[in-house]
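> quick one: sequence plus predicted model below, questions after.
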Amino acid sequence: MGIIRKLNNQVNIVGTNIKKYREQQKLSQPDLCKRMQLLGVTMFIADIYEIENNKRLVKDFEIKAFCLALNINLDDLYNDTDKYFEH
């Protein structure tokens, strides 16, 4: 496997928001896995955990599936992520 590039020691910048919206909807990680599976995206509890803790890359189709599964839009998913970038 190649080198994984990080931004301020984060592998992704959306994991925190995925966790926030999952918890707001009172969904467990297994619940979210099931919703993703219904969309045709295989996701394991360990995947959700690593994504939510910014330790796993998120593929573009997974981003779209998270939005559909959580009934949010891309703006919601990327809300408050400017902080990861230097200004």
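Cool, the structure landed.
> quick check: which ranges of the protein have low pLDDT?
For the chain, applying pLDDT under 70 flags the ranges 1-2, 4, 87.
> which stretches of it form helices?
Taking DSSP state H as the criterion, the chain carries its helices at 15-24, 29-38, 45-52, 60-70, 74-77.
> could I get the CA-only coordinates of the longest one as PDB?
Once side chains and other backbone atoms are set aside, the C-alpha atoms of helix 60-70 remain, and they are given as PDB (Å, rounded to 0.1, in the frame of the first residue of the first chain):
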ATOM      1  CA  ASP A  60     -16.300   9.300  -3.000                       C
ATOM      2  CA  PHE A  61     -19.100   6.700  -3.300                       C
ATOM      3  CA  GLU A  62     -19.000   6.200   0.500                       C
ATOM      4  CA  ILE A  63     -19.400  10.000   0.900                       C
ATOM      5  CA  LYS A  64     -22.600  10.000  -1.200                       C
ATOM      6  CA  ALA A  65     -23.900   6.900   0.600                       C
ATOM      7  CA  PHE A  66     -23.300   8.500   4.000                       C
ATOM      8  CA  CYS A  67     -25.300  11.500   2.900                       C
ATOM      9  CA  LEU A  68     -28.200   9.300   1.700                       C
ATOM     10  CA  ALA A  69     -28.100   7.100   4.800                       C
ATOM     11  CA  LEU A  70     -28.000  10.000   7.200                       C
END
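> got the buried residues for that helix?
By 16 or more other Cβ atoms under 10 Å, the buried positions in helix 60-70 come out as 62-63, 65-67, 69-70. In this view, the C-beta of every residue, glycine as well, is placed from N, C-alpha and C.
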